[in-house]
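Visitor: need coordinates for the below:
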Amino acid sequence: MVDARFLYLPLMDAERCWSCAMQLKAESNTEPRKKFHMVCRLRKAVQHAEELAKLCESPKCDARTKLEGNAYCAWMKASLQFELQNWKDAIELYSKAKTIYEKLGSAFSDEIQDLYKQRVDEIAPNIRYCAYNIGDESAVNDLVQMRLKHGKEDLLTSKLDELIAQTREKQAVTLSEIKWRGRMIPVKSEQVRAFLLNVQESEDEITSTQDLESKVSVYERLLKNCVDAQQILRDELKEDTTFKAIQRGQKPEGRVPNMIFLHTYLTFIRLTKTVERNLLMIESLKHNLPGANVDEGKKITKPQDLVRLCEIIIQNLSDIPNLPGLETEDPSVQQETGVEILGYKAFRCFYIAQSYAFAKKWPEALALYERAEEYAKKAAQGYASFKGEQAAKAKREIVKLNDLVSQVDGLKYSCQASSIMDTQDITEKVAKVSLKEKNRKPLSDRLDEYVEDSKLTSKTPNLVPFPPDFTPVPCKPLYFDLALNHVEFPSLEDNVEQKKKGGIAGFVSGWLGWGGKK
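Guide: Alright, predicted model coming up:
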């Protein structure tokens, strides 16, 4: 090799074949025949990668180039074995490429090290996926976390989703019943079992994730699966007379059947997860309220947006006590949800008060702050009576409500001070207002002044100047030409009579040429 630019030829050929293979892979979901073409393009890419690795062995290439060529060739071969599902060969080649990139990253500065670290992070999910297919059951937990952090769709995403679904189906076989509100409920449907396992795993996913968008996506996916599970139960219960009566709004008599109580449990999950999602959104939005330090590029949150989310939460909590079977199985649910509703009413009043305060409507804001404080104190007293499993949650809510009360105390004084300051400004303006008649201006000329005018209620009120004053307007000369025929000129008869004093004699003499002026 006489020129380093020769390395670009096999590199570009390999990249071209690989990118074509990825496009064919995306299209093979709907056209399976293209999968064979994809494998052919990957084989071609491997040939070009091997040629690149051979060229890198030239004495003109430094050690870094040789290592990068070997890593690239190993990665390309591993991609081919991955698609052929030769998991053992694929994991060996992926591990080789990962080891080379890790060694290269440790030998350079931070900027270059980030590039190699990114490459290692791209290879790690493939290694864990191959390990799982070889027989490593512990790899599935790592893959779930990788899928959660890796939001975008790529080569491995579809396989990870399929793997997670298969794992949950295997685990769902052992989930035959659940315990809720002191009652054992048998679960016969496999889809419902898979969903219940998804609920348990989603809690760990949300706890381990720091990104807001990832947490919201977990909730959205969970709620979608919940709706599907509920539909499966509805299809099974469509001939049940008790379920039909409940759908018509009738309250069940006695203890509801297990299948209906399972449907109640799924509805409870849907309502509570919706509340948790809205609370997550409130926590993120309240940092962008007016007056806070909002980052550049982020939209300022209106208090009305938080009010709307609080109303949805209150509505969802209000629906929980009306679920069929809860009243007979657990009468305490009415008290628990009532206390939670009081707490969220306090936050709703607080955000409504903020919206009035931003509009400088101080009396309304002050009244709402007092109502929010009243709700918060009542809710805190209610949470203090919680025992058992609800005690830990009650402590967290009491801390939030106490913080709300302390915040409301400060804002109430602020509203009172602002109200007094606005009142002083109004007093100064009112002092300048005259209540006596100072002039005879018509009402249309003094709309911004208050003057007691008794004539306004009489038969001849002074409302507008009449007749109206002349207003100069620009006119074209053609306007006067058109108006000439309608102009009345002054009479000239007096001048004409003075010229006729000579009579007929004067007229004849003037005509004959004598008797005129010399």
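Visitor: name the helix or strand for L262, please.
Guide: Using DSSP states H and E, L262 maps to helix 258-285.
Visitor: ok, and what's touching the helix or strand following that helix?
Guide: For helix 258-285, the following helix or strand on the C-terminal side (DSSP H and E) is helix 303-319. Contacting residues not belonging to helix 303-319 are listed as 271-272, 274-275, 278-279, 281-282, 285-286, 289, 337, 340-341, 344-345, 347-348, 351-352, 354-355, 358 [Cβ atoms under 8 Å, 6 or more residues apart in numbering]. Quick note: C-beta positions are derived from backbone N, CA and C, even for glycine.
Visitor: which SS state does I206 fall under?
Guide: On the three-state scheme (DSSP: H, G, I helix; E, B strand; the rest coil), I206 is labelled helix.
Visitor: I'd say it and S217 touch.
Guide: No - using Cβ atoms under 8 Å, I206 makes no contact with S217, being 10.3 Å away.
Visitor: more crowded one of these two?
Guide: I206 (18 against 15; other Cβ atoms under 10 Å).
Visitor: tell me who's in contact with the more buried one.
Guide: With Cβ under 8 Å, 6+ apart, I206 has these contacts: K215, V218, Y219.
Visitor: isn't the second one right up against T209?
Guide: Put plainly, it is V218. Yes - using Cβ under 8 Å, V218 is in contact with T209, at 7.2 Å.
Visitor: more neighbours, the two?
Guide: V218 (20 against 16).
Visitor: residues contacting the more buried one?
Guide: Counting by Cβ under 8 Å, 6+ apart, V218 has contacts L148, S202, E205, I206, T209.
Visitor: if you set the cut-off to 7 Å instead, what comes out?
Guide: Residues near V218 by Cβ atoms under 7 Å, 6 or more residues apart in numbering: S202, E205, I206.
Visitor: make TSV from the residues you listed and add pLDDT and distance to K395 to it.
Guide: Output for the contacts of V218, formatted as TSV (pLDDT from 0 to 100; distance: Cβ to Cβ, whole Å):
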residue	pLDDT	distance to K395
S202	81	24
E205	77	25
I206	81	20
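Visitor: let me know the closest of these to E370.
Guide: I206 (35.9 Å; Cβ to Cβ).
Visitor: centre of the chain to the one helix or strand V192 maps to, how far?
Guide: Assigned by DSSP H and E, V192 belongs to helix 190-208. On the basis of Cα atoms, centre = their mean, to the nearest Å, helix 190-208 sits 24 Å off its chain's mean C-alpha point.
Visitor: tell me who's in contact with the residue nearest in space to the middle of the chain.
Guide: Centroid check for the chain by Cα atoms, centre = their mean gives M281 as the closest residue, at 8.2 Å. M281 makes contact with L309 under the criterion Cβ under 7 Å, 6+ apart.
Visitor: burial count for the closest residue to V333 other than its chain neighbours?
Guide: Using Cβ to Cβ, 6 or more residues apart in numbering and skipping residues adjacent in sequence, the residue nearest V333 is L326, 5.1 Å away. L326 is flanked by 22 other residues according to other Cβ under 10 Å.
Visitor: distance of L326 relative to F470?
Guide: Per Cβ to Cβ, to the nearest Å, L326 is found 82 Å from F470.
Visitor: helix or strand: which one has M184?
Guide: Going by DSSP H and E, M184 is part of strand 183-186.
Visitor: list the helices and strands that strand packs on?
Guide: strand 177-180, helix 258-285 (3 or more Cβ pairs under 7 Å, 6 or more residues apart in numbering; DSSP states H and E).
Visitor: just the strands in the stretch 401-518 of the chain please.
Guide: Here the stretch 401-518 of the chain has no strands by DSSP state E, counting those that start in this stretch.
Visitor: so where is it shaky, pLDDT-wise?
Guide: 423-439, 475-484, 496-518 (pLDDT under 70).
Visitor: try it again at 80.
Guide: Along the stretch 401-518 of the chain, the model assigns pLDDT under 80 to residues 421-441, 448-457, 473-487, 494-518.
Visitor: now the helices for it?
Guide: In the stretch 401-518 of the chain, the helices defined using DSSP state H, counting those that start in this stretch lie at 477-483, 493-499, 503-512.
Visitor: what's the pLDDT at K238?
Guide: As predicted, K238 sits at a pLDDT of 83.
Visitor: do the same with L155
Guide: 45.
Visitor: ok, I300 next?
Guide: In this prediction I300 is given a pLDDT of 80.
Visitor: picking up where we left off before, now do the helix holding V192 against helix 258-285, angle only.
Guide: Taking axes from the mean of the first three to the mean of the last three Cα atoms, to 10 degrees, one finds helix 190-208 and helix 258-285 inclined to each other by 20 degrees.
Visitor: how about F386, nearest residue that isn't a chain neighbour?
Guide: Per Cβ to Cβ, 6+ apart, closest to F386 is A394, 3.8 Å.
Visitor: from memory that neighbour sits against Y383, does it?
Guide: Yes - with contact defined as Cβ atoms under 7 Å, A394 reaches Y383; the gap is 4.0 Å.
Visitor: A71 sits in which helix or strand?
Guide: helix 63-83.
Visitor: now L11
Guide: Residue-wise, L11 maps onto helix 8-27 under DSSP H and E.
Visitor: where in the stretch 1-150 of the chain is pLDDT low?
Guide: In the stretch 1-150 of the chain (pLDDT under 80), the answer is 1-4, 29, 106-111, 132-150.
Visitor: which residues in it form helices?
Guide: 8-27, 34-56, 63-83, 87-106, 110-134, 139-149.
Visitor: what packs against the third one?
Guide: In other words, helix 63-83. So helix 63-83, by 3+ Cβ pairs under 7 Å, 6+ apart, packs with helix 34-56, helix 87-106.
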